[in-house]
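Engineer: Next come a sequence and a model predicted from it.
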Amino acid sequence: MVTVRRDIRDLFVRAAGVAAFSVLCALSTAPASAQNVANIDNWLKFDDGSGEWDPGFDRSFAKQWESQPQRGYPTLSAENLGPMKAAVRRYADIVAQGGWENLPLVELKLGMTNPAVVALRRRLEMESDMSQDAGYAQTFDSYVEKGVKRFQTRNGLTPTGVLDKATITALNVPASARLRQLRTNLVRIESLAAPSKGRYVVVNIPAAQIEAVENDEVVSRHAGVVGKIDRPTPILKSAIHEVNFNKEWILPPTVITQDFVPKLRDPSKIAEVIKRYGVDIYQDYNGYVKKRPLDPMQVDWNSPEVKGYFFAQKPGEENPLGFLKINFFNPYSVYMHDTPGKSIFAKNFRAESSGCVRVQNIPQLAAWLLRDNGWDLTRVNGMKQSGETLNVQLKQRVPLYFAYVTSWATPDGMAQFRRDLYNRDGVGATATAY
C-alpha cells in the first residue's frame, strides 16, 4: 500500500513539474533574432564563428540579471577580504573531507525523475546551494531547480535552473581547484587595493563584467564582452579621461593584420571589400589627419609595409564602436565602447573581442562618468539620436582597473567563481571549459 501511494505521489510530482516547465517555456522562450552576433568587435562578420541566439531562456530576464547590482560589496572592495578568508577555510574543510564527486553527463530539468538527481542533490548540498532532505531523492523538483539557479548565479552562468552541459562541467570542477582559486584571488584583491572613497570603474575580465563604484558601493553593473583566448584583454590600471560620441573606428592592429588585410590580398575582391566595409586607408596617422586616403587598388597588400598603414571606418549603424567610446591611456590600444549587436550580452561565454571591452547599457555608465560635466542620461542618449561627433574631456578623471578575478566571496556567505578564461590560476583546463 505504501509503495502504491509513493508511486502515485511521484507521478503527481512529475506531472506537476512537467506542466510547470511547459508553462515556463511558453512564457520565457522568445523568437530568435535573425541577426548574427559578429565576434570581433561586432564588425561585419570578420569572424564567422557561432553567434546565433540560443532561445533557451528569455533574453530580457538575462539582461536584467546581468545588469542589476548583486548583494555585497564591489569585487575589489577590502570588505570582501573577510568573507574570502572565511571561504578559504570552508573549502579547505571540504577538500580535507575528500571534496565532491563528479556528476554524470546527464542533462536534467524541472519535472524529470532520474537516479542522477540523487548525486546532483548531494553536490548542491556541498556548497550550500540547497538544503538537505528537501523534496524527493530522484525527482528534479522546485527545490533542485532553485539550487541549480543559485549555483549558476554563483558561477556566472545564466540562471535558467536547467542542468545543461555547461552547468555540469562547472559542477565538476574539483574542490581542490576551487580552493586554489580562492587563495590565488585573495592575493590579487589584496594587491589591487581599490579605494573605499570616491569613484572608480573595474572591468573584471573573467567575469566579463563592469562595475561603476562610488564610496565602496556598486552604482551599476554591466555585462561586458572581453578579449578572445588568443587576443586577451590586458590587465591594467589607468584613468578614464574622455568620452567620444559617434566617432570613426580606428582599426586595432590585430584586426588589421589578422582580419582585414588578408581579405585584400585577392586583387579581384579589393573593390568589393572596400565598398562593403567602408574603410578608408592612409599611409600613416599624418595622412589620416590631412585626410589623404590611399587608392587601395594601388597598394601591394602582400608588402609588410601595410602593417603600418592607418585604417578608419566612418561612424554609422555598422560601426563596431556603436555611438560611444570611453578612452583611457594605456600601451595596449584598448578602450571600452558601445556595440550595434546587443544580443551577445545575454550569452554565457562573452570572450569574443580583439581585446577591447564592449559594455552593455553603456549610456548609463557614460552619464555617470560625465556627471561632473553636467551631463545626464537624456543628453547622452540625445547624442545617439543626433549622430553628432563630439569628444568630451572628463572634468575629473575616474580611476579604472582591468582586473583578473576568478573568485571572490560576499558577506552573505556565497563564494563566487568565474571561468579561468586565460588559464592564469594554475589549476589547468578544468576551470576553463564551461
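Structural biologist: Looks like it came in fine.
Engineer: going forward, measure contacts between C-alpha atoms and count neighbours the same way
Structural biologist: Fine.
Engineer: for the stretch 101-250 of the chain, what spans make up the strands?
Structural biologist: In the stretch 101-250 of the chain, the segments counted as strands under DSSP state E, counting those that start in this stretch are 199-204, 209-214, 217-227, 236-245, 249-250.
Engineer: want to throw these into a markdown table with mean neighbour count?
Structural biologist: Formatted as a markdown table, the strands of the stretch 101-250 of the chain follow (neighbours: other C-alpha atoms under 10 Å):
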| stretch | mean neighbour count |
| --- | --- |
| strand 199-204 | 24 |
| strand 209-214 | 23 |
| strand 217-227 | 25 |
| strand 236-245 | 19 |
| strand 249-250 | 16 |
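Engineer: nearest to Leu324, of these?
Structural biologist: The minimum distance between Leu324 and those falls on strand 236-245, with 4.7 Å, by C-alpha to C-alpha.
Engineer: For the strands of the stretch 101-250 of the chain, which has the smallest mean pLDDT value?
Structural biologist: For these, the weakest mean pLDDT is recorded on strand 249-250, namely a mean of 89.
Engineer: mind listing what's buried in the following helix or strand past that one?
Structural biologist: The C-terminal neighbour of strand 249-250 among helices and strands, as given by DSSP states H and E, is helix 253-255. Buried residues in helix 253-255, counting neighbours by 16 or more other C-alpha atoms under 10 Å, are found at Pro253, Val255.
Engineer: Now do the same for helix 253-255: mean pLDDT, whole number.
Structural biologist: Helix 253-255 comes out at a mean pLDDT of 85.
Engineer: do the same with stretch 324-344
Structural biologist: What stretch 324-344 shows for mean pLDDT is 94.
Engineer: what's the burial count for Thr113?
Structural biologist: Applying other C-alpha atoms under 10 Å, we find 21 residues neighbouring Thr113.
Engineer: Tell me the spacing between it and Gly156.
Structural biologist: Going from Thr113 to Gly156 by C-alpha to C-alpha, to the nearest Å gives 27 Å.
Engineer: related to what we said a few turns ago, could I get the strands of the stretch 101-250 of the chain as TSV with distance to Thr184?
Structural biologist: Shown next, in TSV, are the strands of the stretch 101-250 of the chain (distance: least, C-alpha to C-alpha, whole Å):
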stretch	distance to Thr184
strand 199-204	15
strand 209-214	20
strand 217-227	21
strand 236-245	18
strand 249-250	37
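Engineer: Looking at the ones you listed, which is nearest to Ser353?
Structural biologist: With C-alpha to C-alpha as the measure, strand 217-227 is the member of the strands of the stretch 101-250 of the chain nearest Ser353 (4.4 Å).
Engineer: what lines up beside the closest one in the sheet?
Structural biologist: strand 209-214 (antiparallel), strand 351-353 (parallel), strand 357-359 (antiparallel) (DSSP bridges).
Engineer: neighbouring contacts of that strand?
Structural biologist: With contact meaning C-alpha atoms under 8 Å, 6 or more residues apart in numbering, strand 217-227 is reached by 66-69, 73-74, 205, 208-213, 232-233, 345, 350-362, 365.
Engineer: now it: how far from the chain's centre is it?
Structural biologist: Relative to its parent chain, strand 217-227 has a centroid offset of 8 Å by C-alpha atoms, centre = their mean, to the nearest Å.
Engineer: same check, this time on stretch 145-153
Structural biologist: Counting by C-alpha atoms, centre = their mean, stretch 145-153 comes out at 19 Å from the chain centroid.
Engineer: any low-confidence regions in this structure?
Structural biologist: 1-72, 134 (pLDDT under 70).
Engineer: go with 50
Structural biologist: Applying pLDDT under 50 to the chain flags the ranges 1-59, 62, 67-69.
Engineer: Gly341 is nearest to which of the strands paired with strand 217-227?
Structural biologist: Shortest distance between Gly341 and the strands paired with strand 217-227, using C-alpha to C-alpha, is found for strand 357-359: 9.9 Å.
Engineer: what sits up against the closest one?
Structural biologist: By C-alpha under 8 Å, 6+ apart, strand 357-359 touches 41, 210, 222-227, 233, 334-339.
Engineer: How about stretch 183-198?
Structural biologist: 76-78, 81, 84-85, 88, 214-216, 405-408, 425.
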